[in-house]
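Trainee: I would like the atomic coordinates for the input below:
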Amino acid sequence: MSPAESFRAVPPAHPSGRAECAPRAVQAVAGYIPGIDPGALSWETLAFEAHGQRVQVALPRLTPAQLETVAAGVSAAAQEHLAALPVLDIVDAIDRAIARMLDASDPQRQEAEQLLAVVTGFDPEMLRLGLNASLKAFRRPQLLRMLAEDFGDPGLLDGFRPRAKGGWSRAYGPALLAHVWAGNVPGLPLWSMVAGLLVKAGSVGKVSSDEPLFAGWFARVLAEVEPRLAGVFAVVWWRGGETELEQALCRQADVLTVYGGVAALDAWQRQVPAGARLLAHGHKLSAGLVSASALDARQSQLTARLAARDMMQWDQQGCYSPQVFYVERGAQVSPREFAYQLAGELAALQRQFARRSLSLEEIHSVASWRQALELQGLRDGNVELLGPADAPWCVAYIDMPQAPSPGALNRTACVLAVDSLEQAARWLGGQRVHLQTVGLAASPEELFRLAPALGRAGATRICALGSMATPEAGWHHDGRFSLLDLVRMVDIETSAEQAAEALALYRD
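Mentor: Numbers count the residues shown, from 1 in each chain. Model (predicted):
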C-alpha cells in the first residue's frame with residue numbers, strides 16, 4: 001500500500017462470494033516518510049469501528065536504522081531548505097495549508113472528517129466544528145501573533161538583529177525536533193509541528209495508536225502547497241515501549257516534545273542523552289469558576305450552557321477540559337440550581353452531539369467515580385448525583401467546598417458550592433503541580449482580583465467559560481513558551497564589534 005493513497009472503501013469478502021451487509025471497510029494510510037521507498041517499509045494495520053463504519057489504517061513500521069536514516073534526511077533537508085527561508089515565507093506556506101484543511105469542499109478535508117470520526121469515535125458534527133476551531137488558530141494573523149508573543153522581532157529567526165543594549169542576537173532552532181504525541185484530541189500535533197517549522201527545525205513526530213491520522217494529513221497538505229518543505233518533516237509510528245526505536249529517535253534529536261502520562265514521560269526522560277532537552281506535557285487538571293455575578297435569572301442559563309460546551313468538546317479528553325466547577329453562593333440562582341441547569345444543558349447537548357462509545361476501562365472509571373460519590377453522599381449527606389445512572393453524562397452536586405480531584409472525564413463533573421471564589425482558588429492550590437486552565441465567569445473587577453490568586457494556585461491559563469477547549473494562538477502551554485523554549489540564542493557582543501572595527505580596511 002503506497003503512502004500516496006489516502007483511503008478507499010473495500011467491501012469485506014463473504015464466504016459465498018457475495019458482498020456482506022456489514023459496514024464497508026475503509027482502508028487508510030497514516031504517516032509521512034520522505035526519502036524511503038514505501039516498498040522498502042514494513043506495514044502494520046490498526047482497525048477502528050464507530051458510527052456503523054470500519055476503518056483499517058496502515059502504518060509504516062521503520063527499523064531503528066531506517067528511523068535514523070529518515071531523521072538524518074529530515075535534518076539535512078531543514079538545513080538546506082528551511083534555514084535560508086524567511087520566516088514570513090514559512091508563515092505563508094502554513095497559512096495556505098491550513099486554508100486547504102479548512103475548505104469543506106477539499107477532497108482531503110472531506111476524507112479526513114470521515115476517517116477521524118471513525119478512528120476517534122467522536123460525534124461527526126462535533127469533530128467538524130472542533131477541527132475548524134483548532135485549525136483557525138494557525139492562520140496567518142494568528143501565526144504572526146505567535147511569533148510576536150515570543151520574539152517581538154521575528155527577524156531574529158532570519159539573521160542577527162541589533163540589541164537595545166548593544167550587540168546583535170539571532171535565534172536558531174534545533175537541527176532536529178522530535179515529537180511524541182498523545183492521541184486524545186485531534187489536532188494536537190499542530191501545535192508542536194507548526195512551532196518546529198517557525199523556528200526552522202527539522203521534525204520527526206511519532207503518532208499515537210489512538211489517533212494516527214491527523215499529523216500525516218497536515219504533512220501531506222503542506223508538502224503539496226510548498227514542495228520545498230516536503231522533506232523537512234516525517235510522521236512515524238510504533239507501539240509504545242519499543243525501546244530500540246525510542247533510543248534511535250533520542251540519539252538524533254536535539255529537543256524532544258513529549259505529550260503523555262507520568263509513566264510515559266518518565267520513560268522518555270530516562271532515554272534523553274546529555275545535551276538534549278525534553279519538553280514534557282503531562283496530565284493536567286482544569287476547572288471552572290462561576291461568580292455570583294453570572295448567576296442572576298438572565299445569565300445563569302447561558303453560563304451553564306457555556307460550561308456544558310466546555311465539557312462536551314472532545315468529551316473532556318483535552319488537558320484544558322473542566323472536571324470541576326466551583327460556584328459561588330449568594331446569587332439569585334444557587335449553586336445547586338446551577339448544577340441542575342448544567343445537567344439539563346448536558347442532556348440537550350447529548351441530543352445534538354452524542355458522546356462517543358466508551359471502552360470497558362472508561363465505563364469502569366465512570367462507574368467507580370459515581371460509586372465513590374454515592375458513598376460520600378451516604379457518609380455526609382452533601383452529595384447529590386444528577387441524571388439517570390445510564391445517562392451518557394453526570395453532574396455531582398457537592399454542597400460544601402473541597403479539594404478538586406481528577407474525574408472520570410467523558411462528560412462527568414462535580415459542582416462544588418463555595419462562599420467565595422477566593423476560597424475556590426485556595427482549594428485549587430492543592431493541585432498546583434497539575435492545574436492548567438481555569439474557565440472564569442465573573443465581572444471585570446473579579447477577573448483581575450482573582451487572577452493573582454489563581455496564578456499562585458498554579459493556573460497557567462485563565463480564559464472565559466465556554467472557551468476552555470480553544471486556546472489562543474501563542475498561549476503559554478503549561479506556562480511555557482511555544483517557540484522560545486525550542487531555540488538557542490546566539491549573541492554577538494559589543495566587544496566583538498569594536499574589536500572588528502580595529503581590523504577594518506578603513507581603520508586609521
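Trainee: how about the contacts made by residue 376?
Mentor: By C-beta atoms under 8 Å, 6 or more residues apart in numbering, the contact set of residue 376 is 382, 383, 398. Yep, even glycine has a C-beta here, placed from its N, CA and C like the rest.
Trainee: okay but the second one is in contact with residue 373, surely?
Mentor: Which is residue 383. Yes. Using C-beta atoms under 8 Å, residue 383 makes contact with residue 373 at a distance of 5.2 Å.
Trainee: which residues do these two both contact?
Mentor: Contacts common to residue 383 and residue 373, judged by C-beta under 8 Å, 6+ apart, are 396, 398.
Trainee: now the buried members of the contacts of residue 376.
Mentor: Buried members of those, scored by 16 or more other C-beta atoms under 10 Å, are 383, 398.
Trainee: would you mind giving the contacts of residue 376 as a markdown table with pLDDT added?
Mentor: Below are these laid out as a markdown table (pLDDT from 0 to 100):
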| residue | pLDDT |
| --- | --- |
| 382 | 95 |
| 383 | 97 |
| 398 | 98 |
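Trainee: show me the contacts of residue 376 that map onto strands.
Mentor: 383, 398 (DSSP state E).
Trainee: nearest to residue 314 among the contacts of residue 376?
Mentor: residue 398 (24.7 Å; C-beta to C-beta).
Trainee: surely that closest one touches residue 414?
Mentor: Yes. Counting by C-beta under 8 Å, residue 398 touches residue 414, with 5.7 Å between them.
Trainee: do a quick rundown of the helices in the stretch 101-250 of the chain.
Mentor: 107-120, 124-135, 140-151, 188-198, 214-225, 243-252 (DSSP state H, counting those that start in this stretch).
Trainee: so which of those helices is the most surrounded?
Mentor: helix 188-198 (a mean of 25; mean count of other C-beta atoms under 10 Å).
Trainee: counting by contacts, list what that helix packs against.
Mentor: helix 87-102, helix 140-151, strand 176-180, strand 202-206, helix 214-225, strand 233-236 (3 or more C-beta pairs under 8 Å, 6 or more residues apart in numbering; DSSP states H and E).
Trainee: wait, which of these is closest to residue 466?
Mentor: Closest approach to residue 466 among those (C-beta to C-beta): helix 140-151, 19.2 Å.
Trainee: got the domain ranges for the chain?
Mentor: What automatic domain parsing lists as the domains of the chain is 7-283, 285-471.
Trainee: least confident of these, on average?
Mentor: Mean pLDDT is lowest for domain 7-283 among the domains of the chain, at a mean of 93.
Trainee: distance from the chain centre to that one, please.
Mentor: The chain centroid and the centroid of domain 7-283 are separated by 12 Å, computed with C-alpha atoms, centre = their mean, to the nearest Å.
Trainee: with stretch 464-472 instead?
Mentor: Worked out by C-alpha atoms, centre = their mean, stretch 464-472 lies 13 Å from the chain centre.
Trainee: which stretches of the stretch 301-450 of the chain form helices?
Mentor: Going by DSSP H, counting those that start in this stretch, the stretch 301-450 of the chain shows helices at 335-352, 360-380, 421-428, 444-457.
Trainee: rebuild those as JSON lines, extending it with distance to residue 476.
Mentor: Converted to JSON lines, the helices of the stretch 301-450 of the chain look like this (distance: least, C-beta to C-beta, whole Å):
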{"stretch": "helix 335-352", "distance to residue 476": "29"}
{"stretch": "helix 360-380", "distance to residue 476": "30"}
{"stretch": "helix 421-428", "distance to residue 476": "18"}
{"stretch": "helix 444-457", "distance to residue 476": "12"}
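Trainee: ok, which of these comes nearest residue 493?
Mentor: That would be helix 444-457 among the helices of the stretch 301-450 of the chain, by C-beta to C-beta, at 35.1 Å.
Trainee: and for residue 398 and residue 414, which residues touch both?
Mentor: Contacts common to residue 398 and residue 414, judged by C-beta under 8 Å, 6+ apart, are residue 373.
Trainee: list the contacts for residue 161?
Mentor: Contact analysis of residue 161 by C-beta under 8 Å, 6+ apart lists 153, 155, 168, 169, 170.
Trainee: closest to residue 448 among these?
Mentor: residue 153 (29.6 Å).
Trainee: so how far is residue 288 from the nearest residue to that closest one once chain neighbours are set aside?
Mentor: Distances taken as C-beta to C-beta, 6 or more residues apart in numbering place residue 161 nearest to residue 153, at 5.6 Å, with adjacent residues excluded. To residue 288, residue 161 is 42 Å away according to C-beta to C-beta, to the nearest Å.
Trainee: quick one: the closest residue in space to residue 72 that isn't next to it in sequence from residue 177, how far?
Mentor: Excluding the flanking residues, the one nearest residue 72 by C-beta to C-beta, 6+ apart is residue 252, at 6.9 Å. Note on residue 252: its distance to residue 177, by C-beta to C-beta, is 10 Å.
Trainee: identify the contacts common to those two.
Mentor: Residues within reach of residue 252 and of residue 177 at once, by C-beta under 8 Å, 6+ apart, are residue 204.
Trainee: how close does the residue nearest to residue 197 when sequence neighbours are not counted sit to residue 145?
Mentor: Nearest residue to residue 197, sequence neighbours excluded (C-beta to C-beta, 6+ apart): residue 90, at 5.6 Å. Distance, residue 90 to residue 145, using C-beta to C-beta: 15 Å.
Trainee: swap in residue 173?
Mentor: 19 Å.
Trainee: ok, now residue 129?
Mentor: Separation of residue 129 from residue 145 (C-beta to C-beta): 22 Å.
Trainee: residue 183 now?
Mentor: From residue 183 over to residue 145 (counting by C-beta to C-beta), the distance is 28 Å.
Trainee: check residue 383 too.
Mentor: 44 Å.
Trainee: check residue 207 too.
Mentor: For residue 207, the distance to residue 145 - C-beta to C-beta - is 27 Å.
Trainee: and if you look at residue 492?
Mentor: 28 Å.
Trainee: and residue 90, what does it touch?
Mentor: For residue 90, counting by C-beta under 8 Å, 6+ apart, the contacting residues are 82, 197, 198, 200, 229.
Trainee: perfect, I'm done here.
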